[in-house]
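[1] Sequence and predicted model, in that order:
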Amino acid sequence: PPPPQEYDGLLTRHQNRRMENLTELHNKTPVWNEESSSHFGRTADDIFTLDFSYPMCAVQAFAIALSSFDGKIACE
């Protein structure tokens, strides 16, 4: 292989298979967990409920609940 150049970026190094000091990572295929559940709903004009269970954490459940408002803010 040609000697490394100062201006070689990560993409150039990867394309030329110069992988010294690089680690290539691969994503795993997602697996659906039937035991996981969450329920989000409105009980009044300004009161909402959010129920979730393991393995989902509070931050993940809250993020999913927030995503349900996307695009609906201007509808009122």
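    Good, I have the coordinates.

[2] Check which residues of the helix ranked longest in the chain are buried.
    Looking across the chain with DSSP state H, the single longest helix is helix 58-67. Using 16 or more other Cβ atoms under 10 Å as the test for burial, helix 58-67 gives 61, 65. Heads up, the C-betas are built off the backbone N, CA and C, glycines and all.

[3] quick one: that helix to chain centroid distance?
    Centroid separation between helix 58-67 and its chain, computed with Cα atoms, centre = their mean, to the nearest Å, is 12 Å.

[4] can you check stretch 22-29 too?
    Using Cα atoms, centre = their mean, the offset of stretch 22-29 from its chain centre is 15 Å.

[5] List of residues touching the longest helix of the chain?
    38, 40, 48, 50, 52 (Cβ atoms under 8 Å, 6 or more residues apart in numbering).

[6] which one of those residues is nearest residue 68?
    residue 40 (6.4 Å; Cβ to Cβ).

[7] wait, the closest one sits on residue 68?
    Yes: shown here, residue 40 and residue 68 form a contact pair, counting by Cβ atoms under 8 Å, at 6.4 Å.

[8] So the two - more neighbours on which side?
    For residue 40 versus residue 68, neighbours defined as other Cβ atoms under 10 Å are more numerous around residue 40 (16 against 11).

[9] Are we agreed that that one is in a helix?
    No: according to DSSP: H, G, I helix; E, B strand; the rest coil, residue 40 belongs to no helix; its state is strand.

[10] so it bridges to which residues?
    Following DSSP bridges, residue 40 is listed with bridge partners residue 50.

[11] residues contacting it?
    Taking Cβ under 8 Å, 6+ apart, we find residue 40 in contact with 48-51, 61, 64-65, 68.

[12] pLDDT weak spots in this structure?
    Scanning the chain for pLDDT under 70 picks out 1-7, 33, 36, 70-76.

[13] Find the centremost residue of it, please.
    The chain has residue 60 as the residue nearest its centroid, 9.6 Å off, counting by Cα atoms, centre = their mean.
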